[in-house]
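Colleague: what follows is a predicted structure for the sequence shown.
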Amino acid sequence: MLTTVVATTACVCASASPAAASDPVVSRGVTIPAFYTPPAELPPGNGKLIRHEPLRLGLSLPGLNGRRLPGTATRLMYTSTDSNGQPVAVTGAYIEPSAGWKGSGPRPLVVVGSGTMGQGDQCAPSLALENPLILTGQTVSFGYETLAVHRLLATGAAVVVTDYVGLGATDRLHTYVNRVDEGHAMLDAARAARSVPGASVTAASRVGMYGYSQGGGASAAAAELQRTYAPDVPLVGTYSGAPPADLTEVTKGIDGSALAGALGWSINGFAQAAPALREVVEANLNDAGRKALKDISTTCVGDAILGYGFTKSTRWTTSGKSVGEIIAGEPAARAVLDDQRLGRLQPTGPVRLATGTQDDIVPHAQARQLAVDWCKKGADVTYKAVRLPNLGDKLLTNHLVPLLTDQGDAVDWLADRLKGKAARSNCWTMPAQP
């Protein structure tokens, strides 16, 4: 049986060769459709459609006009460029809405970057659209972004969901929270959507970016990279919820939390892409750490919580130091995380940044700092501090509840940008904002 991981001596630098058509990839008991295996050679250029096929939405209803609600979905594979400048195939899904567009100009497009789904290929957001709940004896995956996708489609905008680099596509490991990989994947999803047969979006369609948590970091990265990487994408607004802007601080938040497995996804992804970090990790992991990271590389969120919830990374190292402490003490490894810092570039267009003041998984302070950094660069920022009581330390509740309580306002704000309405920056209020 093939997996998406071929372990090195430390089991943290992982990749996989494309499987033959007769040898399907199986991840934790789930057979990944052959569609997700990239071809040996990719077409030149970014955002080029490699292949497509109809996608059945797991949550849909028959419409009065014969069209399914909320829309008609197409599974995609398209080209992008990874953080090392190499071509890569990315999968995802485009949804043509049943709702009509009542604004001016052609139908707009929203690119959705999903929140954390995991690192196993069975966790891909496009697969979650088809099967909202995957529950087997080996894996648990829940498509919690479906509500946001349906809300966005109800505005009359088309939606394209990216699976990010390596999540779904079986030729490599998912590079979790890699800002360049994620930003490029989102921007190239917008380009690929124009080529989907039957799509009503065009090169002139206004484009919005939407994401919370991992998706908030991805949408923020896309907004920062658009000017140089994809100036042909007419970006008019970005929603960035709970963005992991400073991975050094986020590492402290997730280590020992209910989502401690996310630290493993991050290590695995960066070890694959960055030799400097891989060498440091390989030199400091013990056998338990190697075994855990190999196992984590095929998990979804449910598996990670059940198997690794509240685990401290000190159990994975030879010295008993946390992974964060080890990286902080190694300049080459620290530089890898420093390069991931969001806020060094001015985002294109207006941005709405929301963060829960009690968030202890993707810490509130570092998300707020991103808003401050953008404001200092002259960006058009609408900052929202979601004020809620403490709902449980390190339990994920302080991180997830703002996703739901703020979602309606986030969708409305982005819909106004797609209609061409101007945003009102509140950067001037930052000194008084929590």
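Modeller: In hand now; what should we look at?
Colleague: low-confidence stretches in the protein?
Modeller: Within the chain, the segments meeting pLDDT under 70 span 1-22, 61, 63-66.
Colleague: can you pull up the most central residue in it?
Modeller: Centroid-nearest residue in the chain, with Cα atoms, centre = their mean: G215, separated by 3.9 Å.
Colleague: that one should be in a helix, yeah?
Modeller: Yes. Membership of G215 in a helix is supported by DSSP: H, G, I helix; E, B strand; the rest coil.
Colleague: quick one: contacts for it?
Modeller: Counting by Cβ atoms under 8 Å, 6 or more residues apart in numbering, G215 makes contact with 112-115, 145, 241. Placement of C-beta: from N, CA and C, glycine included.
Colleague: want to throw the residues you listed into CSV with secondary structure and distance to A169?
Modeller: Output for the contacts of G215, formatted as CSV (DSSP: H, G, I helix; E, B strand; the rest coil; distance: Cβ to Cβ, whole Å):
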residue, secondary structure, distance to A169
V112, strand, 17
G113, strand, 16
S114, coil, 15
G115, coil, 19
E145, coil, 19
G241, strand, 25
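Colleague: ok, of the residues you listed, which come out buried?
Modeller: Among those, those buried by neighbour count (16 or more other Cβ atoms under 10 Å) are 112-115, 145, 241.
Colleague: name the nearest of the residues you listed relative to Y383.
Modeller: Nearest to Y383 out of the buried ones among the contacts of G215 is G241 (Cβ to Cβ; 11.7 Å).
Colleague: ok, and what's touching stretch 421-434?
Modeller: Contact with stretch 421-434 is made by 237, 350, 352, 357, 368, 371-372, 375, 379-383, 385, 387, 413, 416-417, as judged by Cβ under 8 Å, 6+ apart.
Colleague: can you rerun that using 7 Å?
Modeller: 237, 350, 357, 371-372, 375, 380-383, 385, 417 (Cβ atoms under 7 Å, 6 or more residues apart in numbering).
Colleague: and those as CSV, adding secondary structure?
Modeller: Output for the contacts of stretch 421-434, formatted as CSV (three-state DSSP):
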residue, secondary structure
G237, strand
P350, coil
T357, coil
A371, helix
V372, helix
C375, helix
D380, coil
V381, strand
T382, strand
Y383, strand
A385, strand
R417, helix
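Colleague: now find how far off-centre stretch 81-88 is within its chain.
Modeller: 17 Å (Cα atoms, centre = their mean, to the nearest Å).
Colleague: need the distance between the two termini of that stretch.
Modeller: In terms of Cα to Cα, to the nearest Å, the two terminal residues of stretch 81-88 are separated by 6 Å.
Colleague: which positions within that stretch qualify as buried?
Modeller: So stretch 81-88, judged by 16+ other Cβ under 10 Å, has buried residues 81-83, 87-88.
Colleague: over to stretch 46-60?
Modeller: Counting neighbours by 16+ other Cβ under 10 Å, the buried set in stretch 46-60 is 46-50, 52, 55, 57, 60.
Colleague: give me the subset of these lying in helices.
Modeller: The members of the buried residues of stretch 46-60 all map outside helices under DSSP state H.
Colleague: can you flag which of those belong to strands?
Modeller: Among the buried residues of stretch 46-60, the ones falling in strands (DSSP state E) are 49-50, 52, 55.
Colleague: rewinding a little: tell me the one of the contacts of G215 nearest S319?
Modeller: Once Cβ to Cβ is applied, the member of the contacts of G215 that ends up nearest S319 is G115, at 32.6 Å.
Colleague: quick one, what contacts that closest one?
Modeller: 145, 212-215.
Colleague: how far away is the closest residue in space to it that isn't next to it in sequence from A230?
Modeller: The spatially closest residue to G115, leaving aside those adjacent along the chain, is S213, at 3.9 Å (Cβ to Cβ, 6 or more residues apart in numbering). S213 is 23 Å from A230, where distance means Cβ to Cβ, to the nearest Å.
Colleague: comparing the two, which residue is more hemmed in?
Modeller: Neighbours per residue (other Cβ atoms under 10 Å) separate S213 from A230, with S213 holding more: 25 against 22.
Colleague: let me know whether that one touches A242 as I believe.
Modeller: Yes. Counting by Cβ atoms under 7 Å, A242 is a contact partner of S213 at 5.0 Å.
Colleague: what residues are shared contacts of those two?
Modeller: The contact sets of S213 and A242 overlap at 362, 399 (Cβ under 7 Å, 6+ apart).
Colleague: just the closest of the contacts of stretch 421-434 to A283, please.
Modeller: Of all the contacts of stretch 421-434, V372 has the smallest distance to A283: 36.2 Å, by Cβ to Cβ.
Colleague: just give me the neighbour total for that closest one.
Modeller: Neighbours of V372 (other Cβ under 10 Å): 16.
Colleague: quick check: the gap between it and A93.
Modeller: Computed as Cβ to Cβ, the V372 to A93 distance reads 35 Å.
Colleague: and for P231?
Modeller: Relative to A93, and taking Cβ to Cβ, P231 is found at 25 Å.
Colleague: which stretches in the stretch 251-400 of the chain count as helices?
Modeller: Shown for the stretch 251-400 of the chain, the helices assigned by DSSP state H, counting those that start in this stretch span residues 261-273, 275-284, 287-296, 301-308, 323-328, 331-338, 364-376, 397-405.
Colleague: export those to a markdown table and tack on distance to R194?
Modeller: Converted to a markdown table, these look like this (distance: least, Cβ to Cβ, whole Å):
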| stretch | distance to R194 |
| --- | --- |
| helix 261-273 | 28 |
| helix 275-284 | 36 |
| helix 287-296 | 36 |
| helix 301-308 | 32 |
| helix 323-328 | 40 |
| helix 331-338 | 34 |
| helix 364-376 | 28 |
| helix 397-405 | 29 |
